[in-house]
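Q: what's the 3D shape of this:
(chains A and B)
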Amino acid sequence: MTRIPALKALLACLGLLTCSTAWTQAPAQPDLGPRLARAAARLDSISNGADRIGDYNTVRNLQQQWGYYVDKALWDEATDLFTDDGTIELGLNGVYVGKPAIRKYLYSLSGGKPGLLKGQLNNHFLRSPVITLSADGTQAKARWHDTIQDGIYGQFANWGAGVYENDYVKQGGLWKIAALHYYVRFHAPYEGGWTQATPASSRSYGKSTVKPTRAPSVSYEPWPSNFTAPVHFDNPARSDYRLLPAARTATAAATSKSVTELEAQVRALELKLDKLRTFEEVENLENTYGYYADKSMQDAISALFAENAWLEILGRGVFIGRDRAYEYMRRLGAPTYGTLFNHMQMQPVINVSTDGNTATIRSRLVVMHGVLDRTAQWGDGVYENVYVRENGVWKYQVLNAYQTFYTDYDKGWGKHSAGMFSPFAGYPPDMPQSVAYDPWPAPFIPPFSYRHPVTGK
Amino acid sequence: MNTPYLHRLLVLALGCLAAAPALAGDPVVTDSRIITEERRLAILETKLASLQMQLRQLEDTKAIERLQQAYGHYVSAGRPADAAALFSDDPAASIEFGQQGVYLGRKRIEQFLTREGARLSPGEIRETPVYQGVVHIAADGQSAKGRWRSLVMGGVHGQDGRWTEGPYENQYIKEGGVWRIHRLHWYTTVSASYDRGWHKQPLPISGPLADLPPDRPPTQVYK
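A: Sure, this is the predicted structure:
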């Protein structure tokens, strides 16, 4: 049965092949010129729009990367995020201009050299970006919330909060920080918290013996004054701002291109958009994991893992495969009255591989743990996760959570840090913990899955 | 002639055909089984339409992130009018916090935000970073849903501070090309004293405001 249509097709093809070379007068061809030009223009416009999304993602990553460097007082890496004539202004300590001044100032925040002091904590949660790109796509502004946990073990601990209003610029294809300005809302001892903040405690943030280049750019009093850091953006529901710039006027792209040329460009554009969609999908995946983990939903969580995934949380050891992930999560226990197990996910630095086949996220975990009338804890960690597509769906290939600290709420991180979480009793891992380290106050920097966004190192 | 052999021949023939138009200079074969330049262009146009859709979805996702984050900054800054302006023109647009009931339409939303959600009295603080977004755009690009969360640092200077935490399940609508919040629903998970912590002094979820009763009772009753 299959042979007859196949044979017919073959004969038809051979016939046509013979004819095609014999024809001397081709039938009138439709003029594809105008359609080709329209397709080229459309392709150009989509590609331009995709680049804007890429710029948005890069600026978002850049500022969140800043947060991870600041956490560990990696001041050289932090300084290298700036333009040569960049500026930094933290709180009410004046403006430092140019990379040498920025570096010297940042060093002064940890005793004159990079790296945390002994027992120093310097966590900065970078959240809630409102990013605005300039019409020409070479500059950006962004407002962020920053929440700070700092202190020195055995000495003191603080909560801090405020907003950044920062400027960015694209130089030679690389986004950099042009001006970083943190407006301090409060900075206050853990004991008593923010409602006991004093002008002195809030002004202590970013304080240095290094003389600034110039005085603070804005004069204000921290909370409880009613000062609000100036907002760079117009109300999004009332403004004409769009991520996409107005359509560009006819460009070189509109010059005639062959179908073959356009096909190659479309293939490249398909990959570009696929990677941008991956960025969104893995972020959704990461954040969804957090909501499921809040409620110990082992069925839903394990479905987020690839068949042969690697699961490693704190010092519990390595569990291989989706089924093991399921059992792991099941052991955390269903939520009951009086228990709290919040797994808050924030600050995702997302990178998609050049070929689009894998993605990585460095992100921050903040845990609110509690048992009514008995105990409450803050937990803090860093994820370095890897994602792959399994049957077209993005899933975890590796979930690796590094323990920064777990501390009793009643004491705070200035006074207490729990030891490394050990393997479950009666549920041994497939492999021991892959990276040996001690939690804070021991100095440990979870390895970075990405290179420095500016230096490439 | 067995079938695999026939197939190999067929592939060979098609291979010759694909080369034929190039040999002849122009795609003179207009048979529909042959991929003419016009056909290739048509396929390309279809692909571009699909890519345009994908781009629009990405732009929508970013616009919604910006809209939702602006909300958090306005609340933190105590700017209820700006926060209310982010909502849809639809009279069915709504806001609902914890067990405080539902307020309908932008005017009522602004009243609620001015009275409770985004007002800062002297000495008051409500740091409201919004994060952990999971956003899905509807296929037609006209509506969207987003789950987010906030951990709020609240209280009045000199008194005990307050932690409140919980997720949002929000809906968005595109009006005249602009994304707006159609429904903002914030669920309270934790409300607790700062000094004593959530293990020792969890606080009850606030109920409906006596002096500004909601338009509807809570959509879901929980503790």
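Q: could you check the pLDDT of residue 9?
A: Just going to use chain A. As predicted, residue A:9 sits at a pLDDT of 53.
Q: not quite, I wanted chain B
A: According to the model, residue B:9 carries a pLDDT of 53.
Q: show me where the stretch 251-400 of chain A has helices.
A: A:259-294, A:298-302, A:322-330 (DSSP state H, counting those that start in this stretch).
Q: now residue A:140: which helix or strand?
A: In the assignment (DSSP states H and E), residue A:140 maps to strand A:139-152.
Q: can you confirm whether that strand lies near chain B?
A: Yes - judged by C-beta under 8 Å from any C-beta of the partner chain, strand A:139-152 comes into contact with chain B at A:143, A:145, A:147. Where you see a C-beta, it was placed from the backbone N, CA and C, and this is true even at glycine.
Q: looking at those, state which has the most neighbours.
A: Counting neighbours by other C-beta atoms under 10 Å in any protein chain shown, residue A:145 comes out on top of the residues of strand A:139-152 next to chain B with 25 neighbours.
Q: please name the bridge partners of that residue.
A: Bridge pairing for residue A:145 (DSSP bridges) gives the partners residue A:127, residue A:163.
Q: quick check, it in contact with residue B:77.
A: No - here residue A:145 lies out of contact with residue B:77, judged by C-beta atoms under 8 Å, at a distance of 10.9 Å.
Q: quick one on the thing from earlier: ok, of the residues of strand A:139-152 next to chain B, which one's closest to residue A:270?
A: Nearest to residue A:270 among the residues of strand A:139-152 next to chain B: residue A:143, at 33.8 Å, using C-beta to C-beta.
Q: so what's the residue in the stretch 351-457 of chain A positioned nearest to chain B up against?
A: Per C-beta to the nearest C-beta, residue A:376 is where the stretch 351-457 of chain A lies closest to chain B, at 3.7 Å. Neighbour list for residue A:376: A:340, A:368, A:369, A:370, A:408, A:409, A:410, B:197, B:198, B:199, B:200 [criterion: C-beta atoms under 8 Å, 6 or more residues apart in numbering or on different chains].
Q: kindly state the beta-bridge partners for it.
A: Legend: beta-bridge partners of residue A:376 under DSSP bridges are residue A:370.
Q: thinking again about what came up before, could you name the helices and strands sitting against the strand holding residue A:140?
A: Judged by 3 or more C-beta pairs under 8 Å, 6 or more residues apart in numbering or on different chains; DSSP states H and E, strand A:139-152 is in contact with helix A:33-71, strand A:120-133, strand A:156-171, strand A:174-189, helix B:37-76.
Q: out of these, which comes closest to residue A:235?
A: helix B:37-76 (7.1 Å).
Q: which of the residues in the closest one are buried?
A: By 16 or more other C-beta atoms under 10 Å in any protein chain shown, the buried positions in helix B:37-76 come out as B:37, B:40-41, B:44-45, B:47-48, B:51-52, B:54-55, B:57-76.
Q: try stretch A:164-178
A: Going by 16+ other C-beta under 10 Å, stretch A:164-178 has these buried residues: A:164, A:165, A:166, A:167, A:168, A:169, A:170, A:175, A:176, A:177, A:178.
Q: and that stretch, how far apart are its ends?
A: 13 Å (C-alpha to C-alpha, to the nearest Å).
Q: residues in contact with it?
A: So stretch A:164-178 is contacted by A:55, A:58-59, A:62-63, A:66, A:81-83, A:85-87, A:126, A:137-144, A:146, A:179-183, A:229-232, A:453-454 (C-beta under 8 Å, 6+ apart).
Q: and the residues you listed, which are buried?
A: Neighbour counting with 16+ other C-beta under 10 Å marks A:55, A:59, A:62-63, A:66, A:81-83, A:86-87, A:126, A:139-144, A:146, A:179-183, A:229, A:231, A:453-454 as buried within those.
Q: where does the stretch 51-200 of chain A get nearest to chain B, residue-wise?
A: Residue of the stretch 51-200 of chain A nearest chain B, by C-beta to the nearest C-beta: residue A:145 (3.8 Å).
Q: for that residue, give me the pLDDT.
A: On pLDDT, residue A:145 comes in at 98.
Q: try residue B:35
A: The model's pLDDT for residue B:35 equals 82.
Q: what's it sitting at in phi/psi?
A: Residue B:35 has phi and psi values of phi -80, psi 100 when expressed as degrees, to the nearest 10.
Q: which stretches in chain B count as helices?
A: Remark: helices assigned in chain B by DSSP state H are B:3-24, B:37-76, B:80-85, B:105-112.
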